[in-house]
Every structure is written in C-alpha cells, then in structure tokens.
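K.L.:
Test case, fold it:
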Amino acid sequence: MSYCINPRCPNRQNPDNLANCQSCGTPLLVNNRYRLVKPLRELDEFSTTEIFEIDDAGTSKVLKVLKRPKLSQMFEREARVLQQLKHPGIPQVEADGYFTVYTGKVSKPLHCLVMHKIEGENLEQWLANGGTVTQTLALDWLTQLAKIIKLVHEKDLFHRDIKPSNIMLSPSGQLVLIDFGTVREVTGTYLAKVGSDGQITGIISPGYTPPEQATGKAVPQSDFFALGRTFVHLLTGAHPVELLENPQTGELIWRELAPDVYPDFADLIDDMMAPFPGKRPASAPLVLQRLEQVRSNWREGVSGELERRVNRWRGRKLNPWGKDIKQPRWLTAAVLLLIGLWGFWGLGRALAVYYYSRGLENHLARQWEEAEANYKQALKLNPNYAEVHNALGFLCQNRQDVECARREYEKAIALDTNLAIAHLNLGILCEDRQDWECAGTAYRQAARNGLPAAYNNLARLRILQQDFDAAAELLSQGLQLAKEPGTQYATLKNLGWAKLGQKRYKEAEETLRKAIEIKGDRAPAYCLLAQVKESENQRQNALPEWENCLRYASRYNPDEAAWIDMARERLNAKGEGQ
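P.N.:
Residues are numbered from 1 along each chain as shown. The predicted structure is shown next:
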C-alpha cells in the first residue's frame, strides 16, 4: 500500500504499482525518491504535522510533513538543528533530508523532513506496557538523557518539550530524544525578550512544563524541570498531574510512591524540578556530576565508610555489615592509651579529614551551605589544612564570591607552596578577572609543581598576548607531562594555535589533526585548522573544517563564540557564491 502525501486528497490509500494517486493525481514517489508506506500516527485534519514510515530504495525511514506553511520557520529550525547534532540519542537527518513539495498548481508547499527510523517504543508506551522503572535503570536512563541535553545546550539550544512520549527506547537500550520542532536558540534577542515583557510562544505539556515556560519565559534549565517530572512518572507510575504539590513551596510530593529511591537520587530529581529556575542545576555537566556522585555512593558506600572511619577514631570497630562489635577490654585500654599519647592534636587532624571528606561530598552535590559548614569545621580542627582552604576557595568561586576565593587560595598556597591545584585555581580566577599578571604568576608556580594543565593555561595566556614562541615552548614541555586525554587534546590544540601564530602552517596542521584524533567532537581544533587552511590560501579546503567548527562550537566559550561568527561568515559566503 502507498499513501498519497496530499493532505486534502479524498482517498489517500493506493496500490503499490501506481505512479500517481488514483484520487488526486499527486505523484506517489515523493521528491522522486520516497514512497509513503503507512502513517505512524492517526491522520488528523486538525494536526499541524503528519508522520509516515517511508521506503527509500529498500530502507525504512520516517517522513515528517508540515501542513501549515505559517510554521515553516520553526520546521526549518528543527531540520537545521537535527542536521548539526550528531549523536545516537538524536534522530539523524541527512544533508538533503529537508525539502518542499507541491501537490497541485495552486496548492501551498508541504515542508518535508526525512529522518532515520528509530525502532522501538516511546516511554509513554513503555509505561503503559511495563509499569515503573527500577532505580538502577532510572540512573542509566537519566545519565543518557543528560548527555543528550548537554550536547543540545552546548549548541545554545534547548528542547522545551521533554516528556515520555518524546523519548524513544531502542532495542539496544539507547534512548533517543525526538520532536525538536519546539527547540529554541539562546540568543541575545531571546534573552532580552525573556527579561522583558516580550511575547514568546509557550509550549505546554500538562504536568511536565515548568512555570516559567507556561508564561513564555523558558530558559535552558526548563529542560531539567521537564526531565525531572518525566522521571517521577517513570519511578512512580503516576502522571505528574495526578500528584499533589506542596502549597507553600510548589514542590511535587512523590517520594512516598517510590520509597526505594535513595535520598541522594531523589534529591537530584527534586532539585531538577525546583519551581524557580535558579534553584535547578545550572548546566547538564553539573547534572552528570551529581549522577556520578550518586552512582559512586551506591557503588562504594561512601557514607557508611565515612561513618566507620570516624567510629574507628573514637575507639569503636564496625564489621563489614555496619554492626557494632564489642571491644575487648585490653583493646579499649590500648586505644585510650594511644589517644592519650597522640593527644588532641592528632585526633583533631583525623577528624578534620573526616569533615573535609564530608564537605567534598556536599560540594559535588552542590549543597553549598553544608559544604561550607563542613570545610570550616575541618579548619577549626586543623587551621593549617591547605587542601581545605583550596576547596573552600573553589566553593567561593562557584558562588562568584571572588574576594573570598582569592583569599582562600592564597592561604592554601601560603601553607603549602607545592599545592599545584591551588595555584592553578588562583590562575583561573585571575584570568576570569583579566588580571594577567596574577594569572601568569599562579600558572607558572603550578607548572613548576608539575601540573600539566598549568603549562597549557599559561601558554594560552601567551597566545592571547601574541607571544607565540614562548607559548610553543611551554606547550612542548607540557605535552611531555600530559597523560589524560583531555589535557593532551587541549595542549595539542593550543600548540597548533601557537604554530599558526608562528606561520608554521604544515606543523600547525599536523598538530591539530593529532588533537582531533584524540577528541573528534570538540570545536577548537577544527576552527583553528580552518584558519590554517585559509592562511595557506586553501579556502575551499577550509570549508569542511568550518562546518565541523560550527557543528561542535558553543557560545559559552569565549574563543569558540568568535569562531562561530567566523564560520558562519565563511559558510554564508560559500552559499552566496553558489
């Protein structure tokens, strides 16, 4: 059976052997390539889109058809977004996957989008068939989706309509986020509208839509709210509209329906659903960090281990199952004698380690007040604990308290001049404030203490100051120390940048291609490689690199923001030349 693409056709079903619709005469081979096999949802004259399974020379794909030309701009945006987002958790659209067709001489065009077909069912269907998700599976699924959202947000986009029916579960277990028709780009104009009374179309999915989006003021953190509500539905089996909200806080009351969910995981979901966007995780990487901490706590039993450690310091012993074992009298006496010899000083240092560990846990979970309290308690017990001063400085930096951060970093360095990470953090803080002298001094000290990332950061300062020779020398030293792939990529990328500045184009290209081999999904090496090609008057060869630059770049990174504009300028010029 073949279906006619014309939504006004009186009888759209046709035998496979026909070239044109027997009712309206519209060609059944759409765009001279695709044959519509069957609709994937009920055909409705009032809906704005239709979705079909199609045959493309023997390969099954999906065709989405827009029936209302007034929405074509949004439809084109969806096509453009899906073409640039390359990830197994996002529907794939080929370069020629967006086109328009006409069904008659006076008819309006139908906008069409061809996507790879995703086998499986959506999570709304999964809920209807299978009940609720286990905590372990929920952790895996939330991690998958947070990584997808991270990619989307890095492109200055956000989805705006996350819910179970827009998440597909493939037979391999991979989740796929679908329906990018409501996606928005975070631009200066958009943020200005959000901050004023400007009108922005609100997308409403009852139970999943955050309060700010209902009034047309959606922000990237709106996706986290919808994602949290989705997982409440998955964990409890109850649709969010069926659950009560706390009348004072507006928070959803759901934990009693999922009593087996561990508190740290439930806390993360609650934070994602906070009524006010500023109370939600600020970014997808922070969600992933929290998830890794949850996973670590489950796997290693961090809380129990910390309790056992303190109890040992107090002269008690726990067996592996956490139950008290009565101490022999001689052992108790020996422990008391040891404490007497060691004195309060030694016990205080041991307890300081405990509070420092607790503070780090709170810090990773973004529990700022609890982290600060534990760090300060550790410092009361051991005022000379350099690592705690460094951690407290990092906490202050997270909270954008610059003076506090600098004070704590300097205390850490004064107590331990070899604490390389404190020098590095101070350098980053100074660089953010454009205090180049302070940043350079801190990075140099961190480099002397053998921290590979410090060589890279110091060299980048030299690049920005146009001192390419000094930068290249520093990066060559840092490359010999770099072991972690992320540090190796950053060092090679900046070395390629320095060689570009030195006009050593062949060496620059070789270095940048080595960086791409390590991390092929990061923008900077592509952006710089495109500039190398242009410097060699190979503008045509630079275009694919500019395309990759634009595909992976994010405006959150100052360097990449400038390169995004360069890439668009070059690619637009190419389009005009054709």
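
K.L.:
Please enumerate the strands of this protein.
P.N.:
Using DSSP state E, the strands assigned to the chain run over residues 2-3, 13-14, 29-30, 34-39, 49-56, 59-66, 98-101, 110-116, 121-122, 157-158, 167-169, 175-177, 184-185.

K.L.:
Relative to Thr511, which of the ones you listed is closest?
P.N.:
Closest approach to Thr511 among those (CB to CB): strand 157-158, 31.1 Å. Where you see a C-beta, it was placed from the backbone N, CA and C, and this is true even at glycine.

K.L.:
pLDDT (mean, whole number) over the closest one?
P.N.:
If you average the pLDDT over strand 157-158, you get 74.

K.L.:
Low-confidence regions, the stretch 1-150 of the chain specifically.
P.N.:
Applying pLDDT under 70 to the stretch 1-150 of the chain flags the ranges 105-107, 131.

K.L.:
mind redoing it with 80?
P.N.:
Flagging of the stretch 1-150 of the chain using pLDDT under 80 yields the residue ranges 44-48, 67-86, 94-95, 103-108, 130-132.

K.L.:
cool, and the stretch 301-450 of the chain?
P.N.:
301-368, 396-402, 416-422, 424-436, 443, 446-450.

K.L.:
distance of Phe46 from Pro7?
P.N.:
Distance, Phe46 to Pro7, by CB to CB, to the nearest Å: 11 Å.

K.L.:
For the two, indicate the residue with more neighbours.
P.N.:
Set Phe46 next to Pro7 and count neighbours by other CB atoms under 10 Å: Pro7 wins out with 16 against 5.

K.L.:
which residues touch the closest residue in space to that one that isn't next to it in sequence?
P.N.:
If the residues on either side of it in the chain are set aside, Pro7 comes closest to Lys67, at 5.2 Å by CB to CB, 6 or more residues apart in numbering. Neighbour list for Lys67: Pro7, Ser47, Thr48, Thr49, Glu50, Leu110 [criterion: CB atoms under 8 Å, 6 or more residues apart in numbering].

K.L.:
now swap in Glu545 and tell me
P.N.:
Tyr526, Cys527, Leu529, Ala530, Lys533.

K.L.:
List only those of those flagged as buried.
P.N.:
Buried by 16 or more other CB atoms under 10 Å: Tyr526, Cys527, Leu529, Ala530, Lys533, out of the contacts of Glu545.

K.L.:
can you list these in a markdown table and add pLDDT and distance to Ala19?
P.N.:
Below are the buried ones among the contacts of Glu545 laid out as a markdown table (pLDDT from 0 to 100; distance: CB to CB, whole Å):
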| residue | pLDDT | distance to Ala19 |
| --- | --- | --- |
| Tyr526 | 94 | 45 |
| Cys527 | 94 | 48 |
| Leu529 | 95 | 48 |
| Ala530 | 95 | 46 |
| Lys533 | 95 | 47 |
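
K.L.:
Looking at those, spot the one nearest Gly496.
P.N.:
Leu529 (7.5 Å).

K.L.:
mind listing what the closest one touches?
P.N.:
Contacts for Leu529 (CB under 8 Å, 6+ apart) come out as Gly496, Glu509, Leu512, Arg513, Ile516, Ala542, Glu545.

K.L.:
ditto for Glu408
P.N.:
With contact set as CB under 8 Å, 6+ apart, Glu408 has these partners: His389, Asn390, Leu392, Gly393, Cys396.

K.L.:
how far away is it from Leu458?
P.N.:
Per CB to CB, Glu408 is found 22 Å from Leu458.

K.L.:
Same question for Ala412.
P.N.:
From Ala412 over to Leu458 the distance is 19 Å, taken as CB to CB.

K.L.:
quick one on the thing from earlier: Serialize the contacts of Glu545 to TSV and add fields for distance to Ile118.
P.N.:
Shown next, in TSV, are these (distance: CB to CB, whole Å):
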residue	distance to Ile118
Tyr526	28
Cys527	32
Leu529	33
Ala530	33
Lys533	36
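
K.L.:
Of those residues, which is the nearest to Asp467?
P.N.:
Cys527 (20.8 Å).

K.L.:
For the stretch 351-500 of the chain, which segments count as helices?
P.N.:
368-381, 386-398, 402-415, 420-432, 436-448, 452-464, 468-481, 485-501 (DSSP state H, counting those that start in this stretch).

K.L.:
Mind listing what's buried along the second one?
P.N.:
It stands for helix 386-398. Buried residues in helix 386-398 (16+ other CB under 10 Å): Ala386, Glu387, Val388, His389, Asn390, Ala391, Leu392, Gly393, Phe394, Leu395, Cys396, Gln397.

K.L.:
For it, name the packing helices and strands.
P.N.:
Here helix 386-398 touches helix 329-364, helix 368-381, helix 402-415, helix 420-432, going by 3 or more CB pairs under 8 Å, 6 or more residues apart in numbering; DSSP states H and E.

K.L.:
Can you give me the buried ones in the shortest one?
P.N.:
So the one you mean is helix 420-432. In helix 420-432, counting by 16+ other CB under 10 Å, buried: Ala420, Ile421, Ala422, His423, Leu424, Asn425, Leu426, Gly427, Ile428, Leu429, Cys430, Glu431.

K.L.:
Can you tell me which of the contacts of Leu529 has the most neighbours?
P.N.:
Greatest neighbour count in these, by other CB under 10 Å, goes to Gly496: 29 neighbours.

K.L.:
quick one: pLDDT of it?
P.N.:
pLDDT, Gly496: 95.

K.L.:
For the residue nearest to Gly250 when sequence neighbours are not counted, the count of nearby residues, please.
P.N.:
Leaving out its chain neighbours, the residue that sits closest to Gly250 by CB to CB, 6+ apart is Pro275, at 3.9 Å. Applying other CB under 10 Å, we find 16 residues neighbouring Pro275.

K.L.:
about what we covered before: from the contacts of Glu408, which is closest to Cys438?
P.N.:
Checking those against Cys438 by CB to CB gives Gly393 as the nearest, at 13.9 Å.

K.L.:
The closest one and Thr209, how far apart?
P.N.:
39 Å.

K.L.:
that older thread, among the contacts of Leu529, which lie within helices?
P.N.:
The helices, defined by DSSP state H, take in Gly496, Glu509, Leu512, Arg513, Ile516, Ala542, Glu545 from the contacts of Leu529.

K.L.:
Return the residues in contact with Ala472.
P.N.:
Neighbour list for Ala472: Ala459, Leu495, Ala498, Lys499, Gln502 [criterion: CB under 8 Å, 6+ apart].

K.L.:
Could you dump these into TSV with neighbour count added?
P.N.:
Converted to TSV, the contacts of Ala472 look like this (neighbours: other CB atoms under 10 Å):
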residue	neighbour count
Ala459	29
Leu495	26
Ala498	27
Lys499	24
Gln502	14
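
K.L.:
will you turn the residues you listed into TSV that also has distance to Gln445?
P.N.:
Shown next, in TSV, are the contacts of Ala472 (distance: CB to CB, whole Å):
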residue	distance to Gln445
Ala459	15
Leu495	22
Ala498	22
Lys499	26
Gln502	27
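
K.L.:
Going by distance to Val294, which of the residues you listed wins?
P.N.:
Nearest member of these to Val294, counting by CB to CB, is Ala459, at 36.6 Å.

K.L.:
Next, work out how far apart the closest one and Pro452 are.
P.N.:
Distance from Ala459 to Pro452, by CB to CB: 11 Å.

K.L.:
Please enumerate the shared neighbours of these two.
P.N.:
Residues touching both Ala459 and Pro452 by CB under 8 Å, 6+ apart: Gly478, Thr491.

K.L.:
Out of the ones in helices among the contacts of Leu529, the closest to Val30 would be?
P.N.:
Each of those was checked against Val30 using CB to CB; the closest is Glu545, at 34.2 Å.
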